[in-house]
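Enquirer: Generate coordinates for the sequence data below:
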Amino acid sequence: MERWPEPVRGELHIFQKMEEELQARAGSPVLEYHAALVTGDLSRLELLMNEFFQDANVVFEIKKDEMEWQVKSPATFGLSGLWTLEYKRELTTPLCIAAARGHTACVRHLLSRGADPDASPGGQGALHEACLGGHTACAQLLLQHGADPDLLSAEGLAPLHLCRTAASLGCAQALLEHGASVQRAGGAGRDTPLHVAAQRGLDEHARLYLGRGAPVDARNGRGETALSAACGAARRPDEHARRLRLCVLLLRRGAAADARDEDERSPLHKACGHALPGLARLLLRHGADAGALDYGGASPLARALQTAAFAAEAASQRTVQALLNHGSPSVWPDAFPKVLKTCAPAPMVIETLFNSYPQLRVSESWREVIPEEVFQMHQAFYRSLFALAHTPRCLQHLCRCAIRKLLGKKCFHLAPLLPLPKSLQNYLLLEPEGVLY
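Expert: You can find the predicted model right below:
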């Protein structure tokens, strides 16, 4: 019976030279080796390593041909371009493959055969891969075998920077127990692990890092603190509660509620830009400036109004209401038609803002900026708005404005203390009613 070739050592491109000959005999041991690593088939892995691949530090070169869209000219109207076949080349090791998929038994076997835990021919080591996948057992094994907890990837990221999911909390704990630096800034953005946790809404990770001495107001390359990063990251609606817990934690640990980034945007600007009323109220309670202007001259109110056409109407309305009740200046009266055009599909937002003025001259020409379908959908509200074109506001509204002026920036806190029925307290705090009078 014909024997297999001698055990192969070296890089995968050496394997590929033998591919046709090996396939003609009994299939490709290279592909079988890769498949065993991917699937976590330990018995097959042991057999192949004993017979062919005794070097646990072999390097795989994975080649892919992929179609990619290439833009011909950015100046062309639209995105003119064509599909081109792009050559992809990726280097990796058996240990990286097994760690990335969480195959603990395979990782243990490879380490026992002398695999280098810090090998990173493709730019990321096995520890990076384990953390990305949230595979705690693999991370612990690698660390126990001497993996560097602060090993930098080709992008300048330590494993702690790659603990980006809730499942990676155990990896983060293991890294810190083995001496990983909680203050290291990495990558193009110069983010610390706390910034990464904040961007991802990982409140338990943030609690862990703060407990290990992470500076709560450290700045990244964009001048953001962790609180600013948490408020600026777009998250799914089901993650809002977790983000709110994270921001509560940061503020309790002394985070500056009004810290500005390189564009002079505060956390409040960012919370309002994402129509997050609960987060906006939290920041305002901790002293955030409702009237702050960024480098572009935009206030948090302007950010909230810009978002109103795309966000849930109730969320935008609550955000605008919170800002006005904490002393935010209203929109310049001459700019109201632009607001009406932008926010027309959100009449509750229009109502809340309109009621912040003692008197605002209504023009019948405003009707032109409201799409007909929007007008018909919210006919009762818009008819009440245009009915005020030649009529002063009612005395009750004027009294509301006078009281709000006296209460000033403390309106949100003081209005509920007044000896008034709850309905009148809500009226003072600009609770929408669906019509104007």
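
Enquirer: excluding its backbone neighbours, what's nearest residue 409?
Expert: residue 327 (3.1 Å; C-beta to C-beta, 6 or more residues apart in numbering). Where you see a C-beta, it was placed from the backbone N, CA and C, and this is true even at glycine.

Enquirer: which element is that neighbour on?
Expert: For residue 327, there is no helix or strand it lies in under DSSP states H and E.

Enquirer: And residue 89, by the same measure?
Expert: Secondary structure from DSSP H and E places residue 89 in strand 81-92.

Enquirer: and what of residue 194?
Expert: helix 193-200.

Enquirer: Likewise for residue 155?
Expert: Assigned by DSSP H and E, residue 155 falls outside every helix and strand.

Enquirer: who touches it in this structure?
Expert: 123, 186-188 (C-beta atoms under 8 Å, 6 or more residues apart in numbering).

Enquirer: Of those - the most surrounded one?
Expert: residue 186 (23 neighbours; other C-beta atoms under 10 Å).

Enquirer: The residue lying closest to residue 359 once chain neighbours are set aside: how many residues sit nearby?
Expert: What sits nearest to residue 359 in space, not counting adjacent residues and going by C-beta to C-beta, 6+ apart, is residue 393, at 5.6 Å. As a burial measure, residue 393 scores 18 neighbours (other C-beta under 10 Å).

Enquirer: how close does the spatially most central residue of the chain get to residue 190?
Expert: Centroid-nearest residue in the chain, with C-alpha atoms, centre = their mean: residue 233, separated by 3.6 Å. Counting by C-beta to C-beta, to the nearest Å, the gap from residue 233 to residue 190 is 16 Å.

Enquirer: Repeat that for residue 176.
Expert: 20 Å.

Enquirer: now residue 236
Expert: 26 Å.

Enquirer: When the two are compared, which one has more neighbours?
Expert: Using other C-beta under 10 Å as the criterion, residue 236 and residue 190 rank with residue 190 on top: 17 against 8.

Enquirer: list the contacts for that one?
Expert: 220-221.

Enquirer: And it, what's its pLDDT?
Expert: Residue 190 is assigned a pLDDT of 96 by the prediction.

Enquirer: ok, now residue 241?
Expert: At residue 241, pLDDT is 88.

Enquirer: list the buried ones in the strand or helix carrying it?
Expert: Here residue 241, judged by DSSP H and E, is contained in helix 240-252. Using 16 or more other C-beta atoms under 10 Å as the test for burial, helix 240-252 gives 240, 242-244, 246-247, 249-251.

Enquirer: Enumerate every residue touching residue 290.
Expert: Going by C-beta under 8 Å, 6+ apart, the list of residues near residue 290 reads 268, 284, 299-301, 323, 326-328, 409.

Enquirer: swap that for residue 215, sorry
Expert: Counting by C-beta under 8 Å, 6+ apart, residue 215 has contacts 183, 192, 194.

Enquirer: my guess is the first one is in a strand, correct?
Expert: Right, the one you point to is residue 183. No - applying DSSP: H, G, I helix; E, B strand; the rest coil, one finds residue 183 to be coil, outside a strand.

Enquirer: give me the element residue 61 is part of.
Expert: strand 60-71.

Enquirer: Check residue 264 too.
Expert: Going by DSSP H and E, residue 264 is not in any helix or strand.

Enquirer: That one - how many residues pack around it?
Expert: The burial count for residue 264: 15, using other C-beta under 10 Å.

Enquirer: got a pLDDT number for it?
Expert: What the model reports for residue 264 is a pLDDT of 96.

Enquirer: give me the low-pLDDT residue ranges for the stretch 51-200 of the chain?
Expert: Counting by pLDDT under 70, the stretch 51-200 of the chain has low-confidence residues at 64-88.

Enquirer: Just the helices from it, written as ranges.
Expert: 94-100, 104-112, 126-133, 136-144, 169-177, 193-200 (DSSP state H, counting those that start in this stretch).

Enquirer: So which of those helices is nearest residue 420?
Expert: Among the helices of the stretch 51-200 of the chain, the nearest to residue 420 by C-beta to C-beta is helix 193-200 (40.2 Å).

Enquirer: one step back: Throw the contacts of residue 215 into JSON lines and include distance to residue 405 and neighbour count, thanks.
Expert: Below are these laid out as JSON lines (distance: C-beta to C-beta, whole Å; neighbours: other C-beta atoms under 10 Å):
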{"residue": "183", "distance to residue 405": "47", "neighbour count": "13"}
{"residue": "192", "distance to residue 405": "44", "neighbour count": "25"}
{"residue": "194", "distance to residue 405": "41", "neighbour count": "30"}
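
Enquirer: Please tabulate these in a markdown table, including the columns distance to residue 35.
Expert: Shown next, in a markdown table, are the contacts of residue 215 (distance: C-beta to C-beta, whole Å):
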| residue | distance to residue 35 |
| --- | --- |
| 183 | 41 |
| 192 | 39 |
| 194 | 39 |
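
Enquirer: Tell me the one among these nearest to residue 148.
Expert: residue 183 (16.6 Å).

Enquirer: just checking, that closest one touches residue 214?
Expert: Yes - in terms of C-beta atoms under 8 Å, residue 183 counts as a neighbour of residue 214; the distance is 6.4 Å.

Enquirer: Which neighbours do those two have in common?
Expert: residue 192.

Enquirer: Who are the contact partners of residue 189?
Expert: 195, 220-222.

Enquirer: Mark which of these are buried, thanks.
Expert: 195, 220, 222.

Enquirer: Please tell me how far the last one sits from residue 199.
Expert: If I follow you right, that is residue 222. 11 Å.

Enquirer: Using TSV, lay out the buried residues of helix 240-252 together with distance to residue 316.
Expert: Output for the buried residues of helix 240-252, formatted as TSV (distance: C-beta to C-beta, whole Å):
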residue	distance to residue 316
240	14
242	21
243	18
244	17
246	22
247	19
249	26
250	24
251	23
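
Enquirer: Closest one to residue 48 out of the residues you listed, please.
Expert: Nearest to residue 48 among the buried residues of helix 240-252, with distances taken as C-beta to C-beta, is residue 242, at 43.6 Å.

Enquirer: And for the residue nearest to the closest one when sequence neighbours are not counted, the neighbour number?
Expert: Counting by C-beta to C-beta, 6+ apart, residue 242 lies nearest to residue 201, which is 4.9 Å off, once chain neighbours are set aside. By the measure other C-beta under 10 Å, the count of residues near residue 201 is 22.

Enquirer: I figured residue 201 hits residue 241, correct?
Expert: No - checked against C-beta under 8 Å, the pair residue 201 and residue 241 is beyond contact range at 9.4 Å.
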